[in-house]
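*Asks:* Coordinates for the following, if possible.
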Amino acid sequence: MPVRQVEAIILRTRDFSESDRLITFFTQSHGQITGIAKGARRSKKRFVHTLEPFSHVLITYAERSTSGLVRIDASELKDAFTGLRGDIARLGYASLGCEMVLEMSPEREANPPLFTLLCQYLAQLEFGADPENASLLFQLRLLSLGGYAPILQGCVRCDQEPGAEENWFFSIPQGGILCSTHQQGRELYPVSLGTIMLLRRAQQLPLAKIWRLRFHRHSREECRYLLLDLTRHHLEKDLKSLKLLHQVGALHSTSLPTES
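*Replies:* The predicted structure is shown next:
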């Protein structure tokens, strides 16, 4: 039974039997893995609060020949991100990020850039970055890493490049922008040239530099639901963590999609 020790972010924790827990964690080297932590519900010493969602840990686990679940033997805390846990909005955005990674990353498929993205995103929330701004940048890069990068170079119907003289729209079903001539269909979001250019820059910059970008009020309102709905379109399901963000008022006024 091979034993491994890897860095991981805890994505989800679920109770399993009277004393055990099922832990889903995302690793840099082996992707998303789910394991069983024996006695984690009862023992106050064995895992010492290291298996909480969002925690950055060094986890030791063993493969099990009779099950797809690994056996979690130990967990050492590297960063608990305690700062974001004291703010309900930041907690909500952290939950959203981890749920997106949980839903969009295949099991046992390594994706080191995605692991780095998630770590940097949680650190941004921890150290006081505007949570919605950080979330929009995270969502955009997550879509790109998942193979669903929004098409922003030109109209998906005619390849016309964005210009200030045109009205532009983003089509959720087509995954890209449409010029005013071809803005037909459902789930169309009006997007300004400034927003298109900002999104393109966020796609192109090295990861460490994207956090400097700022969505100002107009661009924020245009993107608030656009990126969420694009993610939900590809997942073909809703995101449970959005309920908390709605409850605390973190998601509010936005430009709703139109139909033509």
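*Asks:* buried residues in stretch 13-33?
*Replies:* Neighbour counts over stretch 13-33 (16 or more other Cβ atoms under 10 Å) mark 13, 16, 20-28, 30-33 as buried. Placement of C-beta: from N, CA and C, glycine included.
*Asks:* Out of those, which comes closest to residue 114?
*Replies:* residue 26 (7.7 Å; Cβ to Cβ).
*Asks:* my read: the closest one touches residue 7, true?
*Replies:* No: applying Cβ atoms under 8 Å, one finds residue 26 not in contact with residue 7, separated by 9.7 Å.
*Asks:* need the helices for the stretch 151-260 of the chain, in chain order.
*Replies:* 193-204, 207-210, 217-223, 226-235, 242-247 (DSSP state H, counting those that start in this stretch).
*Asks:* would you list those in CSV and tack on mean pLDDT, mean neighbour count and distance to residue 66?
*Replies:* Converted to CSV, these look like this (pLDDT from 0 to 100; neighbours: other Cβ atoms under 10 Å; distance: least, Cβ to Cβ, whole Å):
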stretch, mean pLDDT, mean neighbour count, distance to residue 66
helix 193-204, 97, 17, 44
helix 207-210, 96, 13, 39
helix 217-223, 95, 17, 47
helix 226-235, 95, 19, 31
helix 242-247, 90, 15, 37
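*Asks:* Specify the stretch among those helices that is closest to residue 87.
*Replies:* helix 242-247 (12.2 Å).
*Asks:* Quick check, pLDDT for the most centrally placed residue in the chain.
*Replies:* Here the mean C-alpha position of the chain is nearest to the C-alpha of residue 97 (Cα atoms, centre = their mean), at a distance of 3.3 Å. At residue 97, the model reports a pLDDT of 97.
*Asks:* residues touching it, list them.
*Replies:* Contact analysis of residue 97 by Cβ atoms under 8 Å, 6 or more residues apart in numbering lists 118, 121, 122, 135, 138, 142.
*Asks:* so the residue lying closest to residue 107 once chain neighbours are set aside is in which element?
*Replies:* Closest residue to residue 107 apart from its sequence neighbours, by Cβ to Cβ, 6 or more residues apart in numbering: residue 32 at 5.1 Å. Element membership for residue 32 (DSSP states H and E) is strand 31-37.
*Asks:* Please work out which residues outside that strand touch it.
*Replies:* Strand 31-37 is contacted from outside by 8, 11, 16, 20-27, 47, 51, 61, 68-72, 75, 101-102, 105-111, using Cβ under 8 Å, 6+ apart.
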